[in-house]
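pasting the structure only:
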Ligand SMILES: Nc1ncnc2c1ncn2[C@@H]1O[C@H](COP(=O)(O)OP(=O)(O)O)[C@@H](O)[C@H]1O
Ligand SMILES: Nc1ncnc2c1ncn2[C@@H]1O[C@H](COP(=O)(O)OP(=O)(O)O)[C@@H](O)[C@H]1O
Ligand SMILES: [Mg+2]
Ligand SMILES: [Mg+2]
Ligand SMILES: [Mg+2]
Ligand SMILES: [Mg+2]
């Protein structure tokens, strides 16, 4: 079972991964965007890790809701509201439970991902974070590791796509051949989840 | 003896030389000035060659006076008034004579050079056009060729000097090690004179 | 790439400190990143709030003042601000007559302003939004993020700002803003890429002898790369791209805008070519504004924005304005 | 180096065509290169004429209008104009009250304005001259060309222009202009070299990671090269260089000036640091102007100009001005 502490560690692990990969994310965003995705998420998850540590919300749902609100208040850009909504809506779907299992998380996460689709109006194949999040949500029903692999594969699969949403869509055909920064960071988020699970000895 | 036509050819030859060397003059001026000496003189002597051709003044004095006025009206910068004064005052000193000899030209040219000194307040060794003009005026009393050689030597001798006048003086010690653009163009002017003399079969 | 900065992390806060010191006529909340005209809220006046990523200065904070914006919310460099800033700005300028958000059409800006509008309405502030989308280099379809907001933002903020200052009610200010946006189109060209403080190197490689056509203001590459063109050829291309979409039937306002690093000397020369092309196409120019107004940090290049106006819009354009970057009328 | 131009030979003429089209309130003689305020000569008013090489825009033509210059004479890029332009300008603005030439201290400018003054006096125009020499990076001695004229030119033109518009006689306008120049000092820093259209490549090599201290506005290298400094360190260095020479005993006007290619975002951040240093040194700042006003084409960098003012100078600074680049007051 996953308790609030597990979710705090997930957020901390994401912050660490984003820190490590920030330059790479910005590099990807400079090819088909505006070169800020790395610093955006770095700012956001640094703040998230700090606030969930400080406020120490008592339930998994409260951790993610707080994290989402914090992202919305500190990131800006497209990814702020989108990731903020992902975590907030996932958190809300988790309700007040003190502990949740992977299955429940998978269902809540799928709700969060759906909310991202609704907010941004993107669909699978539009070359956005959804291309990593959708397969991850699906695979999370089976295992943490599978979700991480699905997210990474989904991110990689954005390379040949032409962007239809977000800033990269301005490039038209010139967006083809580059990996989407948001899909790449989404894979980091899900990988951090899998690692947190592995480190905690949680059933994969 | 040198007639008005000789002086027109001198101006034309100077225009040709300045055209050819414009990039070099600008290059020198970019090291210790503002990268415009070549285009300044190109604009000026193109206009001079055109106007002395068109108006065809009847006397040597009138050719140089007109050339000087034209430089003042078209060049701007430091070199416009200075070269303009050089030619205008040399022309005035030649008076109304229909033909002059080298000796008379040498004396008139020395007056022109003195006027440059007075106008700009520079002295020998200040790393300006005077460092080519002063030795040239002196040597012109003996021969055209000698004047050209003296001007070129004078220009070369500006390399180790620290500029005390003009834009190059702003650099202080950093002006050392570069040849003065104005001294270099002054050598072109005097070389054009020597070539015009040689081409016309005039006594060296 | 060298920059006149302390560290990349503080560029926006540093700039706001500088604005605070230089412009006592503005209230600059450096901590919360909101710039408000000193006398806000003005009784009975609709509040005009805009904002967006930093790096486009003087847009938007330089347009705060009588006759234009009531407040601006600067985000991080090239990153839309967060809803908290917009809600705070709305609260600071609302006199009860409502607030108009002027939003440039980028996913980030649209989403954040949307969230802010909901939050502000929760606080009892009446909020309307106008999304500016004038950039013809981007195709406008439901399969894309839609056209970008660029130079027309200045026209919308100035003209809607004048209407608000005259005491027009919210629905009227909104319809003026929509009319201006609907009558405006832009096209931009880059001669060099942009370098953001966070990245420290150019966002794309632009070889010597080439230029990018149809660029945005965030260092996005354009739609097309071509061998370098003359100022006259660029004017032909840009003006025709705008006219093809706008098809004006009357006089226009022209904004000949520098992207930041192009000298004003060149910009005025380019403006002469823009006038030449408009003359050849039979489009009368009522007013021309030349300068660096909607910029992209250190990018070299330019954009052309045309806005077809009627007498009323021209009157509002000419109305007095008193901001750090745009001032006229007496 | 890419430029937004047609051919190098026509950049000045092209820019003047652009000014003519954008500014109907100015009379722009493109052929003879003179920009005059439309209503000149103003009866009883002293005429204020300035000029210099192009490439420093908006200086000088952007400062023509009520409350500032009566006319400007743009020369070729970085090349002082010729006497013919100045005489023509003087004739266009003289109402019989005389004309003041505002001359930046460069050999070329001084010599050409000197010749023009003689020619204008021959035509019966009373001419006075003020030479601006505020740049402390250059040592002022009889063995040099003297200090360069840079940012203080804006202060002199604005304040003397206000005095002239109030109807002050020539000797009073001259003494105001001299007082402003005598009370002003500047220091400039380059982060990149400048590229002139004629040369097409940078005037000097400035390696990554280094900056030039004490540069002029014509692409001349500075007095000293150093490893790159932060905005705060540059402010310390520049402000101290100015204060050492100026030693103000009262409040100052501050011009935080961009050299052309430095983003306004960075310039405002730098201005915050300038204010910090002045605060630490106990120098009160009465007014601050931040922007690209005395530029050097596409050079990145900045300069700081301080002018110690008394009540009268501050009143004249605040007086209304209405030019393309500087406007305020009503
Ligand atoms: N409409 C959208 N729906 C889902 N994801 C989107 C959408 N628009 C953009 N994104 C994601 O956001 C990422 C960019 O985020 P970021 O660079 O932080 O914001 P911005 O584009 O505002 O600079 C893109 O790579 C993409 O994955
Ligand atoms: N006071 C002076 N006396 C004599 N020659 C001078 C003086 N000042 C400058 N010069 C000459 O003028 C040259 C520069 O001319 P130019 O580049 O055309 O003008 P500017 O310096 O105004 O750009 C210098 O190389 C120098 O030879
Ligand atoms: Mg981005
Ligand atoms: Mg020169
Ligand atoms: Mg962004
Ligand atoms: Mg020059």
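Received it, and whenever you're ready, just let me know what you need. Keep in mind that what you see is a predicted model, and the values were worked out from it rather than measured. Ligands and ions are numbered 1, 2, ... in the order given.

show me where the chain has helices.
As the question left the chain open, I've gone with chain A. Applying DSSP state H to chain A gives helices spanning A:4-32, A:37-55, A:60-74, A:79-94, A:102-120, A:130-140, A:144-156, A:181-199.

wrong one, I was asking about chain C
All helices of chain C, identified by DSSP H, fall at C:11-22, C:83-93, C:107-122, C:152-165, C:170-182, C:231-246, C:264-280, C:311-318.

Nearest to ligand 1, out of those?
The closest of these to ligand 1 is helix C:107-122. By C-beta to the nearest ligand atom, the value is 3.2 Å. Quick note: C-beta positions are derived from backbone N, CA and C, even for glycine.

can I get the helices of chain A in JSON lines with mean pLDDT, distance to ligand 5 and mean neighbour count?
Putting the helices of chain A into JSON lines (pLDDT from 0 to 100; distance: least, C-beta to the ion, whole Å; neighbours: other C-beta atoms under 10 Å in any protein chain shown) gives the following:
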{"stretch": "helix A:4-32", "mean pLDDT": "97", "distance to ligand 5": "8", "mean neighbour count": "21"}
{"stretch": "helix A:37-55", "mean pLDDT": "97", "distance to ligand 5": "7", "mean neighbour count": "22"}
{"stretch": "helix A:60-74", "mean pLDDT": "98", "distance to ligand 5": "14", "mean neighbour count": "24"}
{"stretch": "helix A:79-94", "mean pLDDT": "98", "distance to ligand 5": "8", "mean neighbour count": "26"}
{"stretch": "helix A:102-120", "mean pLDDT": "97", "distance to ligand 5": "14", "mean neighbour count": "20"}
{"stretch": "helix A:130-140", "mean pLDDT": "98", "distance to ligand 5": "18", "mean neighbour count": "26"}
{"stretch": "helix A:144-156", "mean pLDDT": "98", "distance to ligand 5": "19", "mean neighbour count": "22"}
{"stretch": "helix A:181-199", "mean pLDDT": "97", "distance to ligand 5": "10", "mean neighbour count": "24"}
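
closest one to chain D among those helices?
helix A:37-55 (15.4 Å; C-beta to the nearest C-beta).

roughly how far is the closest one from the heart of the chain?
Taking the mean C-alpha point of helix A:37-55 and that of its whole chain, the gap between them comes to 13 Å (C-alpha atoms, centre = their mean, to the nearest Å).

do the same with stretch A:47-59
The gap between the average C-alpha position of stretch A:47-59 and the chain average comes to 17 Å, counting by C-alpha atoms, centre = their mean.

Contacts only, for the residue in chain A positioned nearest to ligand 2.
When distances are taken as C-beta to the nearest ligand atom, chain A reaches nearest to ligand 2 at residue A:35, 40.0 Å away. Shown in contact with residue A:35 (C-beta atoms under 8 Å, 6 or more residues apart in numbering or on different chains): A:26-27, A:29, C:78, C:196, C:198-199, C:203, C:219.

Hmm, residue C:312 and residue C:162 touching each other?
No. Applying C-beta atoms under 8 Å, one finds residue C:162 not in contact with residue C:312, separated by 10.3 Å.

which one of the two has more residues nearby?
Neighbour count, other C-beta atoms under 10 Å in any protein chain shown: between residue C:162 and residue C:312, residue C:162 has more, with 24 against 12.

Could you name whichever residue is most remote from the centre of chain A?
Computed with C-alpha atoms, centre = their mean, the residue of chain A farthest from its C-alpha average is residue A:173, at 26.3 Å.

how close does that one sit to residue A:158?
Applying C-beta to C-beta, to the nearest Å, one obtains 15 Å for the distance of residue A:173 from residue A:158.

picking up where we left off before, can you check which of the helices of chain C gets nearest to chain A?
Proximity to chain A (C-beta to the nearest C-beta) singles out helix C:107-122 among those, at 3.9 Å.

if we can go back for a sec, quick check: which of the helices of chain C is buried the most?
Sort the helices of chain C by mean neighbour count, taking mean count of other C-beta atoms under 10 Å in any protein chain shown, and helix C:152-165 sits at the top with a mean of 28.

That helix near chain D anywhere?
No. Under the criterion of C-beta under 8 Å from any C-beta of the partner chain, helix C:152-165 makes no contact with chain D; the nearest approach is 14.1 Å.

next one: that helix to chain centre, how far?
Taking C-alpha atoms, centre = their mean, one finds the center of helix C:152-165 at 11 Å from the center of the full chain.

swap in stretch C:81-88?
When C-alpha coordinates are averaged (C-alpha atoms, centre = their mean), stretch C:81-88 and its chain have centres 18 Å apart.

And for stretch C:307-314?
With C-alpha atoms, centre = their mean as the basis, stretch C:307-314 stands 18 Å off its chain's centre.

next one: stretch C:170-181
Distance of stretch C:170-181 from the chain centroid (C-alpha atoms, centre = their mean) equals 16 Å.

before we move on, what about stretch C:157-174?
Shown here is stretch C:157-174, whose average C-alpha point lies 17 Å from the average C-alpha point of the whole chain (C-alpha atoms, centre = their mean).

Let's test this: mean pLDDT of it, rounded?
Regarding stretch C:157-174, the rounded mean pLDDT is 98.

That one spans what distance, first to last residue?
Counting by C-alpha to C-alpha, to the nearest Å, you get 11 Å between the two ends of stretch C:157-174.

ok, residues contacting it?
Residues external to stretch C:157-174 that are found in contact with it (C-beta under 8 Å, 6+ apart): C:44-48, C:50, C:60, C:63, C:66-70, C:97-100, C:102, C:126, C:128, C:130, C:176-177, C:180, C:313, C:316-317, C:319, C:321, C:326.

Verify the stated contact: residue A:66 with residue A:59.
No. With contact defined as C-beta under 8 Å, residue A:66 does not reach residue A:59; the gap is 10.3 Å.

from chain A, which residue is nearest to ligand 6?
Shortest chain A-to-ligand 6 distance, computed as C-beta to the ion: residue-wise this is residue A:35, at 38.8 Å.

How much space separates that residue from ligand 3?
Using C-beta to the ion, to the nearest Å, residue A:35 is found at 7 Å from ligand 3.

In terms of pLDDT, where does that residue sit?
pLDDT, the model's per-residue confidence, is 89 for residue A:35.

Point out the residues in the stretch 51-200 of chain C that sit beside chain A.
Taking C-beta under 8 Å from any C-beta, the part of the stretch 51-200 of chain C that reaches chain A is made up of C:53, C:75-84, C:106-108, C:111-112, C:114-115, C:137-139, C:143-145, C:148, C:196, C:198-199.

Stretch A:43-61 and chain C in contact?
Yes. With C-beta under 8 Å from any C-beta as the threshold, stretch A:43-61 lies in contact with chain C, specifically through residue A:43.

how about residue A:121, what does it touch?
Taking C-beta under 8 Å, 6+ apart as the criterion, residue A:121 is in contact with residue A:165.

could you redo the last one with a cut-off of 10 Å?
For residue A:121, the contacting residues are A:128, A:164-165, C:107, C:142, C:145, taking C-beta atoms under 10 Å, 6 or more residues apart in numbering or on different chains as the criterion.

Equivalent analysis for residue C:250, please.
Taking C-beta under 10 Å, 6+ apart as the contact definition, residue C:250 lies against C:183, C:283-284, C:286, C:308-311.
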